[in-house]
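> Below: sequence and its predicted model.
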Amino acid sequence: MNHALSNIDVQTINFALAAVLLPLVAAFINRLLPAKSGKVSGWISVLAIIAAVSLSIVVFSRVWNFKQLHQQYLWFTIGQTPVYVGMLLNNLSAFMLLLVTVIALPVHIYSTAYIKAAEQKRYFTYLSLFCFSMLALVVVDSMIMLYAFWELVGFSSYLLIGFWFTKDSAVQANKKAFIMNRIGDIGLLSAIIILFTQYHTFDLVQLFGEHGLIIKSTIQNGLWTAPTGELPAIWQYIAFIGILLAVAAKSAQFPLHTWLPDAMEGPTSVSALIHAATMVAAGVFLLGRVYPMFNNTELDILAIVGCFTAFMAATIALTQNDLKRILAYSTISQLGYMIMAMGVGAYASSLFHLATHAFFKCLLFLCAGVIIHEVQHIKDEHDLDIDPQNILYMGGLRKKMPVTFIATLVGCLALVGIPLTSGYLSKDGILIQAFEWAENRSLAYQIIPITILLTSGITAFYVARLMFKVFFGQFKIKEILPNVHLHIGDGSWSFKVPLILLSLCSLFPLFSLNPFLYEHAWLFEGFSPSQHMARQNNYHTIIPIGVNLLCIFVVYWAYAVYIQQRKLVFGQKNFFFKLSYNQWYIDAFYRNVIVNAVLGFGRSLFALDRRVIDGFIYLLQRITGALSALSAWTDRYLVDGFLHSVALLVKGIGDFFRSFQGGKVQYYLFSMLAIILAVFIFKLLI
Amino acid sequence: MITLTHYLVLSGALFCIGLYVILAKQNAVQILIGVELMLNAAILNLVAFGRFDKLNSSGQTFALFAIILAAAATAVALAIVLNVYRRYKTIDPGRINELKD
């Protein structure tokens, strides 16, 4: 299998391998550095990621739309099954490799300024470990390795969410994220086991490739038939549910999305990298890898889950006051878009949106980081009792932080999907394809594209609310405390450079020379089937215009509400407000129903353990104690008593005879005399 | 008339006194005197019974031998007492008890 590769291909694979391993090396070096090495560890990680970016660019340019490279070595053999370890480079993995490294680079630079020098060693160890796991996840070629790195990604994100482990909320959040991800891991593991049972291989190319086993297998008459065997069809659906669980856990889809907003307890740079751009993309990436195995029913389920998540998260984002929490729900919402796009068959658009979203959401998080950083400064300086992430305390930051303002504006416009941004290209692609998908179906299916359209409007509203509350109007702290002096700005170049870089990446030229037609974006073309998509109907014209008109209207509405203070908004007392503000009560539901039930079950088991099992043990203990007390008494008074009396007797005899041997010569003489006299008297008597 | 019985009673009394001295005194020299007393009781017996052998006077002869031997033995015993004193700084036999268990 390996000799077919030419020298240049071997070199490409080695480059990809190096790009994956460099962050791991950086993590090891950082681990071994002395504790007070300060900023050194940051620069080691930055250097590693810069090298990884350049290598990824080379790999990408050689693989993209050109060929698929696959190299593997035998790892071990169990019974008759060889398990290979290897690397698979195709459009999808090369694209993900590039995306992850390119997003990670500005985050690394930003982190060198954002994280305190004393904490940098630990932080960059974790961050580099995370980058390694994510990069390895996208290039591996077998389900086994995929699962291993899938877990490792979850684990390193656990470390990073709980980075400030002295904060109780961070510990709770990372525990929650880890447990939620474990649920997904179980799903993925069961899916892998089922696929292996059916196909007897873990190899991704053999399973999902163009001439793979999945393509050749069919479901007929309740039987799931493949060239390698037959199983009841139900197993195919169970495997799908497993994959869906895995995707829902990693990509924060309903019903496993609740960990993502809580994960905002981690450092903001971590949120930017993991919870906006890379780790949550792992779920979408997995869908992309195993896409051929889904049948129509399963795709519909994906579309429904994604659509519901997108809508739900968007409505929650409307009323949240925590800056990072708004962005977190917006991330969930956008991930919902991607999952839905997968479901409606817009495979290329989904991955395209993944890429554009990664850039602008990373940008938004980094901006949020700068803002929070500055508000924290004010808080520390004046000893205020405020939450630095609460947008109700902000306002008017436009003039103080111009670079951050422009960057946030670009990110927000991209998130809304305004023309000239990358978000417009990818999001409208999804919308158009959703409408096309629903076109020839029954009325019930129309709900999905309409909900998604509505979600776009809601997105525009919450994004506008965020912008207006943070950057426009008056600074709220100054209204409360008029004598506060504000020394805030954009921060050092390590803050500005990543923001500018990501802002540029959030505009259209990176993805398409034509800012209005998503079909011409090179990323989109790379993932689409070879036949060119025709603009066969009016949707391609109507929808972008309609969506943008809607968005602009909604933004104006938000402007009227928040800046001109007109009473055009719903009251804060009604059911919908509470539903949104309390995040649809999903967390409360989990806490009250599942967590309490599990804890109650645990407590009852504990009580059972205490009362019944321990009671039985205690009973046994008492019985044994009584028995041993009895035998101790017997031993002491009967057995020992007999022995002691024998010993006493012997001692008495011994003492009696010993008393004659007192060491006094005259006493011996006296004894002799007494004995002789006794003998004589004895003789006389006889 | 002094009969043999008187001699024997005197000899028995002497012997008993010697025995008492040996058993009761705490001085090795006095014990030695006790030994002499018992020896003299025995010699008195020899002399008293010597009257039944008038031809050879063997009783008196034995007595002389016994006296000489007793003198020699006493000399040796006194030397031992002297050495004991040097070693133990006492001549009380009750306190020389290193051999007891």
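Happy to help now that I have it.

> For residue A:232, grab phi and psi.
Backbone geometry at residue A:232, expressed as degrees, to the nearest 10, gives phi -60, psi 150.

> my guess is it contacts residue A:223, does it?
Yes - counting by C-beta atoms under 8 Å, residue A:232 touches residue A:223, with 6.6 Å between them. C-beta: built from backbone N, CA, C; applies to glycine.

> and the gap between whatever residue of chain A ends up closest to chain B and residue A:147?
Minimum separation of chain A from chain B (C-beta to the nearest C-beta) falls at residue A:663, amounting to 2.6 Å. Relative to residue A:147, residue A:663 is positioned 92 Å away (C-beta to C-beta, to the nearest Å).

> re the thing from before, for the residue of chain A closest to chain B, give me the backbone phi and psi.
Backbone torsions of residue A:663, given as degrees, to the nearest 10, read phi 90, psi 0.

> what about it, neighbour count?
15 (other C-beta atoms under 10 Å in any protein chain shown).

> same question, residue A:57
Counted with other C-beta under 10 Å, residues neighbouring residue A:57 total 16.

> and if you look at the one 5 residues further on?
Burial of residue A:62 is recorded as 19 neighbouring residues (other C-beta under 10 Å).

> quick revisit: pretty sure the residue of chain A closest to chain B is touching residue B:97, no?
Yes - assessed by C-beta under 8 Å, residue A:663 is found in contact with residue B:97 at 3.0 Å.

> As a check, name the ranges of all helices in the stretch 51-200 of chain A.
A:91-114, A:120-139, A:143-161, A:168-199 (DSSP state H, counting those that start in this stretch).

> Distance of residue A:123 relative to residue A:152?
From residue A:123 to residue A:152 the distance is 18 Å (C-beta to C-beta).

> residues in contact with residue A:319?
A:577, A:580, A:581 (C-beta atoms under 8 Å, 6 or more residues apart in numbering or on different chains).

> Name the residues of stretch A:390-410 that are buried.
Using 16 or more other C-beta atoms under 10 Å in any protein chain shown as the test for burial, stretch A:390-410 gives A:390-391, A:393-398, A:400-401, A:403-408, A:410.

> Residue 84: neighbour count?
If you meant another chain, say so; for now it's chain A. With other C-beta under 10 Å as criterion, residue A:84 counts 20.

> not quite, I wanted chain B
16.

> For chain A, which segments are assigned as strands?
A:69-78, A:81-89, A:218-220, A:223-226, A:229-232 (DSSP state E).

> So which of those is nearest residue A:607?
Within the strands of chain A, the stretch nearest residue A:607 is strand A:229-232; the backing value is 41.7 Å (C-beta to C-beta).

> Any stretches of chain A with poor pLDDT?
The model of chain A has pLDDT under 70 over residues A:1-5, A:483-487, A:490, A:513-520, A:528-540, A:564-573.

> dump the residue contacts of the most centrally placed residue in it.
For chain A, residue A:154 is the residue whose C-alpha lies nearest the centre (C-alpha atoms, centre = their mean; 4.6 Å). The neighbours of residue A:154, taking C-beta under 8 Å, 6+ apart as the test, are A:177, A:178, A:181, A:182, A:184, A:185, A:250, A:279.

> Any chance of a PyMOL selection covering the buried ones in those?
Listed next is the PyMOL selection for buried residues among those, using 16+ other C-beta under 10 Å:
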select buried, chain A and resi 177+178+181+184+185+250+279
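
> The contacts of residue A:154: which two are farthest apart?
Farthest-apart pair in these is A:182 and A:279; separation 14.7 Å (C-beta to C-beta).

> For the stretch 551-686 of chain A, which segments count as helices?
Per DSSP H, counting those that start in this stretch, the stretch 551-686 of chain A carries helices over the ranges A:575-581, A:586-589, A:596-608, A:614-633, A:640-658, A:665-685.

> For residue A:62, find the nearest of these.
That would be helix A:586-589 among the helices of the stretch 551-686 of chain A, by C-beta to C-beta, at 45.3 Å.

> Off-centre distance for the closest one?
Relative to the chain's own centre, helix A:586-589 is displaced by 20 Å; criterion: C-alpha atoms, centre = their mean, to the nearest Å.

> The closest residue in space to residue A:52 that isn't next to it in sequence and residue A:87, how far apart?
Excluding the flanking residues, the one nearest residue A:52 by C-beta to C-beta, 6 or more residues apart in numbering or on different chains is residue A:19, at 4.3 Å. Residue A:19 sits 11 Å away from residue A:87, going by C-beta to C-beta.

> who are the neighbours in contact with residue A:60?
So residue A:60 contacts A:94, A:95, A:97, A:98 (C-beta under 8 Å, 6+ apart).

> Return the angle between stretch directions for the top helix by length along chain A and helix A:91-114.
Criterion DSSP state H: the longest helix present in chain A is helix A:347-382. For helix A:347-382 against helix A:91-114, the angle by axes from the mean of the first three to the mean of the last three C-alpha atoms, to 10 degrees is 10 degrees.

> Buried residues, helix A:347-382. List them.
Across helix A:347-382, burial judged by 16+ other C-beta under 10 Å covers A:347-375, A:377-379.

> Equivalent analysis for stretch A:42-49, please.
For stretch A:42-49, burial by neighbour count (16+ other C-beta under 10 Å) applies to A:42, A:43, A:44, A:45, A:46, A:48, A:49.

> so what's the nearest residue to residue A:474 once chain neighbours are set aside up against?
Nearest residue to residue A:474 in three dimensions, chain neighbours excluded: residue A:396, at 5.1 Å (C-beta to C-beta, 6+ apart). Contact partners of residue A:396, counting by C-beta under 8 Å, 6+ apart, are A:471, A:472, A:473, A:474, A:475, A:478.

> Out of these, who's the most crowded?
Neighbour tally across these (other C-beta under 10 Å): the maximum, 21 neighbours, falls on residue A:471.

> Run a quick neighbour tally on residue A:671.
13.

> quick one, phi psi at the residue lying closest to it once chain neighbours are set aside?
Distances taken as C-beta to C-beta, 6+ apart put residue A:660 closest to residue A:671, at 5.9 Å, once the chain neighbours are dropped. Phi and psi for residue A:660, reported as degrees, to the nearest 10, are phi -70, psi -20.

> Alright, calling it a day.
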